[in-house]
Structure formats: structure tokens, C-alpha cells
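1. sharing a model that was predicted from the sequence below.
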Amino acid sequence: MKLMAKTRNIGISAHIDSGKTTLTERILFYCDMIHKIEDVRGGGDGAKMDHMELEKEKGITITSAATTVHWKGISGKGTTFAEGIDKDTRINIIDTPGHVDFTVEVERSLRVLDGAILVLCSVSGVQSQSITVDRQMKRYNVPRLSFLNKMDRMGANPFKGRDALIEKLGHNAVLMQLPIGAEDEFRGVVDLITKQAYYFDGDNGENVRMEECPAELVDQMEELRSEMIDKVAEFDDEIMEAYLEGNEPTEEQLHKCVKAGVNSLQLTPVFMGSAFKNKGVQPLMEAVARYLPSPLECAKPTAINDDNGEKIALEPDPEKPLVFMAFKITDEQFGQLTYIRIYQGRLNKGDTVYNTRTKKKVRIGRMVRMNSNDRDNIDEAHAGDIIAIVGMECASGDTFVGDDNLTNISCEGMHVPIPVIELSIACKDKNEQAKMSKGLSRFQREDPTFHVYTDEESGETRIAGMGELHLEIYVERLKREYGANVEVGAPQVNYRETIRSEANFDYTHKKQTGGSGQFGQVVGALKPLADESKDTEDQIFKFHNEIKGGSIPTEFIGACEKGFQDVMDKGPLAAFPLINCEVFLRDGKSHDVDSSDMAFRIAARQAMRQAVKAAQPVLLEPIMKVEVTTPDEYQGSVIGDLSSRRGMIQGSETDPNGEVIINAHVPLAEMFGYSSDLRSMSAGKATYTMEFAKYQDCPSNIQADVIKARQEKLANED
């Protein structure tokens, strides 16, 4: 329990290029895990946490990487170890990708973490992917601190960053520090709780010097400190009452209030610095150790009883029966590497555990504690740990238990976004085809958003994912890691179909053959689902059983539901999947001898087909949220080009560097090849990010073209 109280499981998440990996590199250095700092871009071996060759080449994080560090506190001239912090806090860190195409890496990391650092660029503030990451943190109720990075950049403004957290993300954000200088004059920070100034000396900022607050900043510091106390004192009634009576809280009381606010998810303390210039990282680590919860303090995770759907609270206790979840897998030279979070109990090398999904027992071989792609062998781990197991076969999201009484439970899953783009891939010879199949099988096990299937009509192998970069990375990995020289077809949009009106159905399936025949009648209505459910899941379908009086026997209701759902795979317009439909089964008839599961499934299938055609079916296209950052002189060209792509401009703003940030909603079908077009129209100076926003009705002319092209494709394949 004592070790668990000293453990923190945290993630570092942000918009692309906000400095997450650079920050993690500094944390590793200050915790003596590495002895030389490498940059994410340019020269050297690349950042420790970006260990894939593609990550080093492109200067982006593609897969989340895990590491364990020991924070022993700030040391340096004039410093003493802060009271209330364990002198050896073990921090398991997961550095996650910022690019939206790899958003599932963030999802699966946050699913198993107890806290997070939300990194913002102090120049750009809250950007599009910051909003997505924040939404993911809220989905899993993850307490967080915020770090305003790049304080050395021109236009850096911590007050703007704090205000953006409040206005754009709805956070109760409060500055915990005041910058000493700004932009190229940024020298350090003043802690608003202790009133001490922190300076970062040495070649890599490793020597922390503490002094009195500079005289010229005292008035501003006192004003901000008063604002901070007003906000944080709310989280302890006694302290708030004393404060209102004129008694200023002590340092320890303020720390207690901040921790209570963070753990209740009602407060976001804001820290600042420049990871690249080695400033402000150590106070952030002190805040992680002091404010973010240990496995003992965080909200208890839950598992689900697969038999009755009940939720079961898991206790972070090493003496309770073992429960752990595999949240990420990768294939390596010596077999599969499985990252796990242990929620309850103790795991030893050589133990036999039970996979509740496959219903098979697995023996635990080599266990390791990760440091990016390096690893240290361990013999034991317990509740609260994040470790990896070598050579254990399983899938991402599998639950394992060590007690025969828990074989019917599963840890709650994570939200998996739907793929919006697909393309065909093929190899010239059988040898390369086998290599490609092996690679695709591995990638599917690793990444729940990467789908592989064979087109029934054409026999083509097709891959689907979150964006062009997502699929481009996997195609490149097939070539490099498997030697499969794949040929890639043109990208295709994953359209969907839905209905816009209600339609009733009444269908009787009757077939008489020798012996018993087939009979089943279903009566009811088909309705469109409410709009707000469109963005959440693929192929949304709801079934309502409103049968009264047993007109259809209970044992056939399940067959009816399957029959209705069968039709969801192919809509009537262009054979794209149907989404957002709900069926109300209200009446029907059965026969004592001739009724069967098959008869009712066929009846429901035919009834659904008739109802869909009568319910005003429409084609839906994926709309992407596009954010373009461009120098001011290219603003007109960029907006004009987005409009020509059927884009709806949502707004624009100018950042302190004079660059314009344009937000738009654009159909995915119009965005192919956009990166090269944007480069040419802006002389390579503009950048963009894109993520799925929603499905929206196709304009009638586009719908007609898509249906025609689809019919021609299907006809040619026949």
C-alpha cells in the first residue's frame, strides 16, 4: 500500500507539435533516466520516446510509449525538499500522439491512467486537437494539470492560455505561477503559493535556484495570488470560512485545497515553462507528485459482470483477487508485447491467469517495466502498476483474472472512433501477399481503428482508418517492416445511409414445403434516431420490443431483432451501411408448428427492407473538422480554396505571431490531396489538421453521382 501511495500513472496529451515528447524527454533527464537530451527533430538519435524510425523521420509521435521514472524532488541552490511530497515518487508516464489520425492511442492510454498533463502552446493556446484530447479526458474522468509550453516563443501569453482553457474548454483554470520575463527574455517562474522565484541554471536547466520574487513583480504576484486563493479555497469549507474572516491560508492548506479541486475534476492548475529551453519542468513534476492522485486516491475503476450487466468496483489492493487489462499490444521480434494495467491483486512471473474473453488460461512468462523501447525485467507487480508482458497472446482490451470466481467479468471498454477513409491494397506475387497478410493481421490486433476486409464483390483487400496519414503510415510500415511492396488504390470515402421519416411495416413470411413449413408475421414501425446520436457510434441501431399478450412468443424476439439488424449492413441506395434507425416491434402472429427462428428472421429482414425504402432514405457523407494555420497573406486563397471544396467556414482568428487560424467543416470527399495543394498555394508555410466531425446529408447532385458510380462498380464486378 505504501508503494502504491507513492505511484502516479499519468499521460501527457496535447495538440500536435505542442511539445509533449520534448517535455517527456526533459522529465527523463531530470529523473536520471537518460544522460543526454535528444531533440524530436534534427540530428542525433531522436527523442527517447519516439523510437520508431518513422517517428524520427517525420518528427511526430505515432504510437504511445510508456516509461517509469522516480521523482526525488527539486534540488539546487537555496532549495529544500517540499513538505508533503514523497521523496521517491514513482511515476508511470505515457507519451501519446498529438495527430488526430492516431487518436485511439490517446483513448486507450487515458482509459488506464489516473491523471494527465494537458500541454498547451502558450502562443496558440487551445487548438483543435486540444479540444479533442480534453473531451477524451472528460470521458474517462481523468484529473489533469495544464502546462503552458513554449513560453520562450514570440507571442507567448500565459493569460491568454488560461482564458482559453476557461472559455473554450469550460475549465475552472487558475494560474499557479507568474512568468519572469517573456518570449526571448523568459528566465523563470514565481510560485504563487510560496512566493518564491525559480530559475533554471546549468547547460540543461538541471540546477534549480530559488530566490525572492523580483521586486518589480511583487504587486502583480500578490494580485494573482489573491485570485488563486479565491478559487482554490472553495474546495475546503473550513479554509474558505477562515479566509472570509480574514485569515490567509497557510501553504499546506493551499496545497490541500488544490489537490481536492484537481481530484474532484473541478479545478485545473496551470503551470508554465519552456521544455525546449529547459525551464519550468521540475516545478511541474513537483505538482504531479503533490496534486495528481495515486491509485489509492483516484476514482475506483469498475468491471462489468457479463452475466447480468452489473458494475463491480475494483479495489486497488494487492491482497484482493487479481484483475488486469491489456490496453495496448505490439508485435516484436520475440513475440507479442502486451501493455497491462493491474487494477486489483498481485501478479508474479510464472502465474497462470484466465482470459475472460477467450475463456483460455495463459501462463505469464517474462514481465518488464518499460522505458520507451528499453525494458527492465521484473518478477512481481501489483495493483496500480503499468507494466508489459512478453510473449502473451491476446487482443487489445482483454481482461485477465486470477480467481475462478471472476471468470465472468470484463473491464469496461474504451470508445473507438469509426474509420472514415479506405483504400485498396494489393501485392504482385504470392510471397509478398503472405508478408502483407501477416503485417495487416498484426496491425489490426494493435489498432482498433484500423480495419481490414475483403470486398465481397471484387475480392480486393481493403484497409480503412482515420485519415490519409493513418493509412499512409501503415502502408509504409508494410514496406519497411515486412518487405511487402504493396500497390495502393485511390482512397475512397466511407459513406453511410439513413432514413428521414417514419414508416410502418406489416410483413408475413409464409412458405409451405413437405413437412413443417415456415410462418412468421411482424408488425411495427421504423423511425429515424435523434440527430444527437449520429456522431458517436457506427451503425447505430435500437430495437424496442413492444409485443403484448404473446402474439410473438418470447423465444422468437431475438430472431426478429437479428433480422432487422441484418439489413443495416447494406442500405437501399448504394449498398452502404445504414445508421441511426430504431425499430418498434408491436404485433405479429406465429404458428404452433411452422414458426421458427429462421421464419421470423426472414420476416423481419423483408419487413425492414420494405420500411427503409418507404422512409425517405438518404446518403450521408463524413464531414471533417479542418483547422488551417496560415500566414496572413495567404488567408484569402486558403478560404477560397476551402469554399470551393464545399467547405463551411466556421470562423477565423489571428494568433500573436500574425498567423491566421481558419476553422471549417469540409466533406472528406473533397479533401484528398489537400496537403500538396495547401503547400503550393502557401509556399509551404501553411499547415492543417483534420478530424471527423459528423455525418451529414449529401447534396442531391453529389448523391446521384455517388449512387451512379457505386452501381457501375457493382455491375462491373458482377
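-> It's in.

2. any idea how far residue 568 is from residue 561?
-> According to CB to CB, to the nearest Å, residue 568 stands 11 Å off from residue 561. In short, each C-beta sits where N, CA and C put it, glycine included.

3. show the average pLDDT along stretch 281-294.
-> In this model, stretch 281-294 has a mean pLDDT of 94.

4. what's the offset of it from the middle of its chain?
-> Centre-to-centre, stretch 281-294 and its host chain are 23 Å apart (CA atoms, centre = their mean, to the nearest Å).

5. low-confidence stretches in the stretch 301-450 of the chain?
-> 331-334, 371-374, 412-415, 417 (pLDDT under 70).

6. show me where it has helices.
-> Under the criterion DSSP state H, counting those that start in this stretch, helices of the stretch 301-450 of the chain are mapped to 430-446.

7. strands along that one, start to end?
-> Counting by DSSP state E, counting those that start in this stretch, one finds strands in the stretch 301-450 of the chain at the ranges 302-305, 311-313, 323-332, 335-344, 346-348, 352-355, 360-363, 366-371, 374-378, 380-382, 386-390, 399-401, 409-411, 421-426.

8. quick one: least confident helix or strand in the protein?
-> The helix or strand of the chain with the poorest confidence is helix 53-58; it has a mean of 50 (mean pLDDT, DSSP states H and E).

9. follow-up on the earlier one: quick one: which of the strands of the stretch 301-450 of the chain is nearest residue 467?
-> Taking CB to CB, strand 421-426 is the member of those nearest to residue 467, at 6.1 Å.

10. tell me which element residue 611 is part of?
-> According to DSSP states H and E, residue 611 maps onto helix 597-614.

11. that helix packs against which elements?
-> Judged by 3 or more CB pairs under 8 Å, 6 or more residues apart in numbering; DSSP states H and E, helix 597-614 is in contact with strand 503-511, strand 518-528, helix 557-566, strand 581-589.

12. let's go with 7 Å and repeat that
-> strand 503-511, strand 518-528, helix 557-566 (3 or more CB pairs under 7 Å, 6 or more residues apart in numbering; DSSP states H and E).

13. any idea of the mean pLDDT in that helix?
-> 94.

14. hey, C-alpha coordinates of the biggest strand by length in the chain in CSV?
-> Longest strand in the chain by number of residues, with DSSP state E as the criterion: strand 617-631. What follows is strand 617-631 as a C-alpha-only set of coordinates in CSV (Å, rounded to 0.1, in the frame of the first residue of the first chain):
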residue,chain,number,x,y,z
PRO,A,617,-33.6,7.0,-47.4
VAL,A,618,-30.7,9.5,-47.9
LEU,A,619,-27.0,9.2,-48.4
LEU,A,620,-24.7,10.6,-45.7
GLU,A,621,-21.1,11.8,-46.2
PRO,A,622,-18.4,12.3,-43.5
ILE,A,623,-17.8,15.9,-42.7
MET,A,624,-14.3,16.7,-41.3
LYS,A,625,-13.4,19.5,-38.9
VAL,A,626,-10.4,21.2,-40.6
GLU,A,627,-8.1,23.7,-38.9
VAL,A,628,-5.7,25.6,-41.2
THR,A,629,-2.9,27.8,-39.8
THR,A,630,-1.5,30.1,-42.5
PRO,A,631,0.4,33.4,-42.8
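
15. angle of that strand against strand 421-426?
-> Using axes from the mean of the first three to the mean of the last three CA atoms, to 10 degrees, the direction of strand 617-631 lies 90 degrees away from that of strand 421-426.

16. before we move on, back to that, nearest to residue 311, out of the helices and strands packed on helix 597-614?
-> helix 557-566 (24.4 Å).

17. would you mind getting the angle between the closest one and strand 503-511?
-> 110 degrees.

18. would you mark the buried spots in helix 557-566?
-> 557, 559, 560, 561, 563, 564, 565 (16 or more other CB atoms under 10 Å).

19. just the C-alpha atoms of it, please, in CSV.
-> Provided in CSV are the C-alpha atoms of helix 557-566 (Å, rounded to 0.1, in the frame of the first residue of the first chain):
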residue,chain,number,x,y,z
ILE,A,557,-38.0,-12.0,-30.4
GLY,A,558,-34.2,-12.3,-30.6
ALA,A,559,-34.5,-13.7,-34.2
CYS,A,560,-36.7,-10.7,-35.1
GLU,A,561,-34.0,-8.3,-33.8
LYS,A,562,-31.3,-10.1,-35.8
GLY,A,563,-33.4,-10.0,-38.9
PHE,A,564,-33.9,-6.2,-38.6
GLN,A,565,-30.2,-5.7,-37.9
ASP,A,566,-29.2,-7.8,-41.0
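
20. what comes into contact with it?
-> For helix 557-566, contacts defined as CB atoms under 7 Å, 6 or more residues apart in numbering pick out 522, 541, 543, 545, 547, 552, 583, 585, 597, 600-605, 608.

21. name the nearest of the buried residues of helix 557-566 relative to residue 127.
-> residue 565 (39.3 Å).

22. nearest to residue 298, of the helices and strands packed on helix 597-614?
-> helix 557-566 (37.8 Å).

23. what angle do that closest one and helix 597-614 make?
-> Going by the same axes, to 10 degrees, helix 557-566 makes 40 degrees with helix 597-614.

24. before we move on, the earlier item: what comes up buried for the helix holding residue 611?
-> In helix 597-614, counting by 16+ other CB under 10 Å, buried: 599-612.

25. nearest to residue 187, of the residues you listed?
-> For the buried residues of helix 597-614, the nearest to residue 187 is residue 612 (66.7 Å; CB to CB).

26. tell me the SS of the closest residue to that closest one other than its chain neighbours?
-> Among residues not flanking residue 612 along the chain, residue 572 sits closest, at 5.5 Å (CB to CB, 6 or more residues apart in numbering). Three-state call for residue 572 (DSSP: H, G, I helix; E, B strand; the rest coil): coil.

27. mind checking pLDDT for residue 572?
-> Listed pLDDT for residue 572 reads 89.

28. where does pLDDT dip in the stretch 551-700 of the chain?
-> For the stretch 551-700 of the chain, the stretches flagged by pLDDT under 70 are 656-657.

29. could you measure from residue 181 over to residue 187?
-> Residue 181 is 5 Å from residue 187, by CB to CB.

30. the more surrounded of these two?
-> For residue 181 versus residue 187, neighbours defined as other CB atoms under 10 Å are more numerous around residue 187 (17 against 14).

31. pretty sure that one is touching residue 179, no?
-> No: between residue 187 and residue 179 there is no contact under CB atoms under 7 Å: 8.6 Å.
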